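Peer 1: Give me the fold of what follows.
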Amino acid sequence: MAEEATHHHHQPSSAAKMTEHETKTPYGGYGRRRQSVCKFIVIFLVLAGITALIVWLIYRPHKPKFRVVSAAVYELNTTASPFISTTMQFTVVTRNPNKRVSILYEQLSAFVSYKNQAITPPVILPPLFHETKSTVSMSPVLGGITVPVAAEVVNSLLMDQTYGVVGLRLVITGKLRYKTSVIKRRRRYGINVRCDLLVGLKQGFVGQLPLLGSPPCTVDV
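Peer 2: Okay, here's the model as predicted:
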């Protein structure tokens, strides 16, 4: 009788078994589901990041390249100091180095400076579309309007003309947008192009100017 009573005391009741089953099983299943969901999210984020990196590397745009290939002066009047009146023309070649990205230029303007001071007013240039791996040239005529400058700028320009070598800077500013067949980029980026060049220019000369130095332009986007 004692043994039977003792054995009955240690055997859990069916109610206790049901309580234990109802307590552990649902929480265990929830934990496994939550772990699976977390793994899926991590794998998805990793794959999405890798895909975005590959797309960015393939379609990452490179800055366009600019260079002045010819220059001409049709007028240069420095006799009404401190004013300068000049008319100049520059042929600029720009190249899009991208294989998959085209470039759209908007709100372009250009002017000429000497000794960091503008000697022509800004001239508005037409929009320009640059296909992939293509080269485009433009030849804006700048000036034609009297511009006020410092007296030392006029004197320095007269002295440079005496030696026959004048350093000029062509500045082109505006906006550009990168366009691809896969990624639609609506954002516009500011562009600033600075072309420093040395030209052979004597006082009173008009016509095509010899380029004594015309390195690639500095381009900031």
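
Peer 1: For stretch 91-109, list every residue counted as buried.
Peer 2: Val92, Thr94, Arg95, Asn96, Asn98, Val101, Ser102, Ile103, Tyr105, Leu108 (16 or more other C-beta atoms under 10 Å). (Each C-beta comes from the backbone N, C-alpha and C, glycine too.)

Peer 1: Out of the residues you listed, give me the two with the largest separation.
Peer 2: Of all pairs drawn from the buried residues of stretch 91-109, the greatest distance, 20.6 Å, lies between Val92 and Val101 (C-beta to C-beta).

Peer 1: Next, check the buried residues of stretch 91-109 against the strands and list the overlap.
Peer 2: Among the buried residues of stretch 91-109, DSSP state E puts Val92, Thr94, Arg95, Ser102, Ile103, Tyr105, Leu108 in strands.

Peer 1: Which parts of this structure are strands?
Peer 2: Under the criterion DSSP E, strands of the chain are mapped to 65-77, 83-95, 102-114, 117-118, 123-124, 128-130, 135-138, 141-143, 147-148, 165-179, 189-200, 207-209, 211-213, 218-220.

Peer 1: For the fifth one, name the packing helices and strands.
Peer 2: If I follow you right, that is strand 123-124. Counting contacts by 3 or more C-beta pairs under 8 Å, 6 or more residues apart in numbering; DSSP states H and E, strand 123-124 is packed against strand 102-114.

Peer 1: Only the C-alpha atoms, please, for the strand it packs on, written as CSV.
Peer 2: Taking C-alpha atoms only, strand 102-114 is exported to CSV below (Å, rounded to 0.1, in the frame of the first residue of the first chain):
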residue,chain,number,x,y,z
SER,A,102,24.3,60.6,-70.7
ILE,A,103,24.5,64.2,-69.5
LEU,A,104,22.0,67.1,-69.9
TYR,A,105,23.4,70.6,-69.4
GLU,A,106,21.0,73.4,-68.4
GLN,A,107,21.2,77.0,-67.4
LEU,A,108,24.7,77.3,-68.9
SER,A,109,26.5,80.7,-68.9
ALA,A,110,30.0,81.7,-69.8
PHE,A,111,32.3,84.7,-69.3
VAL,A,112,36.0,85.6,-69.6
SER,A,113,38.2,86.8,-66.7
TYR,A,114,41.6,88.3,-66.5
